[in-house]
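Visitor: sequence unavailable; structure follows:
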């Protein structure tokens, strides 16, 4: 198992992360989604030992964070955040040479191949790179030492769709051997619609949904029924609903269970519609239906 985190809690003056579990096996991409301030970055900081949990247990690659394991764990992680704190006055090549010294597993051929693929000029100052190329450069540095885990915290925020597509293709290739994994925090849910295997939806410091993406898409659906029919069903079946006169649109968290109960009162199949991750997140977090 790449990541095993159980019961993570962290309390700040105006925010509290409560009982967060993250389990990520080898060979998969996990999407961590939620609105700004939901707890995504706090969760990542705990996993990377940037801050210590008040409660809970964390294991990466089967090892707990301690003085003996810290270097061993960090050498197996590649990290890219929304902002890249480089020395902007230094060149791309100088920066790569500096970073390479921290990783015994650094593979210069992998790095050069990525730089060429990204069409990044090594002689340029880092500060002169475009936002897209800056993120690509950060990814090249993160991947050149062949990490077993990539942790990405909002790296595609503000990038155009073409650059995001190129990055997603690279991430899919990264896990092809089935031995490496990616934890990808983002509010751009359409990126995760394309590449994620698992989804964790977090809001106000709590996990609302955590499952395989395909299972989430299969179980959470929008249904169109009569208001009178809705009133006969258990409220526990629904995440959100909106009634206009005799008509009701609702989102169910367990479509198979809803379907069985609905057929008992209506003797027919419900009118149901699939939802993407963005609509699912809005239903859970805002109670809104689109």
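Guide: Perfect, thanks for sending it. Since this is a predicted model, take the numbers as computed values, not measurements.
Visitor: ok so residue 20 is a strand residue?
Guide: Yes - assigned with DSSP: H, G, I helix; E, B strand; the rest coil, residue 20 falls within a strand.
Visitor: that one and residue 32 touch, don't they?
Guide: No - taking contacts as Cβ atoms under 8 Å, residue 20 lies outside contact range of residue 32: 9.9 Å. In short, each C-beta sits where N, CA and C put it, glycine included.
Visitor: shared neighbours of the two, which are they?
Guide: Residues touching both residue 20 and residue 32 by Cβ atoms under 8 Å, 6 or more residues apart in numbering: 43, 202.
Visitor: these two: which is more packed in?
Guide: A count of neighbours by other Cβ atoms under 10 Å puts residue 32 above the other of residue 20 and residue 32, at 30 against 25.
Visitor: these two touch, right, the more buried one and residue 184?
Guide: Yes - with contact defined as Cβ under 8 Å, residue 32 and residue 184 form a contacting pair (6.8 Å).
Visitor: what residues are up against the residue lying closest to residue 30 once chain neighbours are set aside?
Guide: Spatially, and ignoring its direct neighbours in sequence, residue 30 is nearest to residue 198 (4.3 Å; Cβ to Cβ, 6 or more residues apart in numbering). For residue 198, the contact set (Cβ under 8 Å, 6+ apart) comprises 24, 28-31, 210-213.
Visitor: quick one, which of those residues are buried?
Guide: Among these, those classed as buried by 16 or more other Cβ atoms under 10 Å are 24, 28-31, 210, 213.
Visitor: Serialize the residues you listed to TSV and add fields for secondary structure.
Guide: Compiled in TSV, the buried ones among the contacts of residue 198 are given as follows (three-state DSSP):
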residue	secondary structure
24	strand
28	coil
29	strand
30	strand
31	strand
210	strand
213	helix
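Visitor: nearest to residue 139, of these?
Guide: Residue 139 lies nearest to residue 29 out of those, by Cβ to Cβ, at 14.3 Å.
Visitor: check contacts around the closest one.
Guide: Taking Cβ under 8 Å, 6+ apart, we find residue 29 in contact with 171-172, 175, 181-182, 184, 192, 195-198.
Visitor: next: residue 127.
Guide: Neighbouring residues of residue 127 by Cβ under 8 Å, 6+ apart: 86, 88-89.
Visitor: so how far is residue 133 from it?
Guide: Going from residue 127 to residue 133 by Cβ to Cβ, to the nearest Å gives 11 Å.
Visitor: with that, I have no additional questions.
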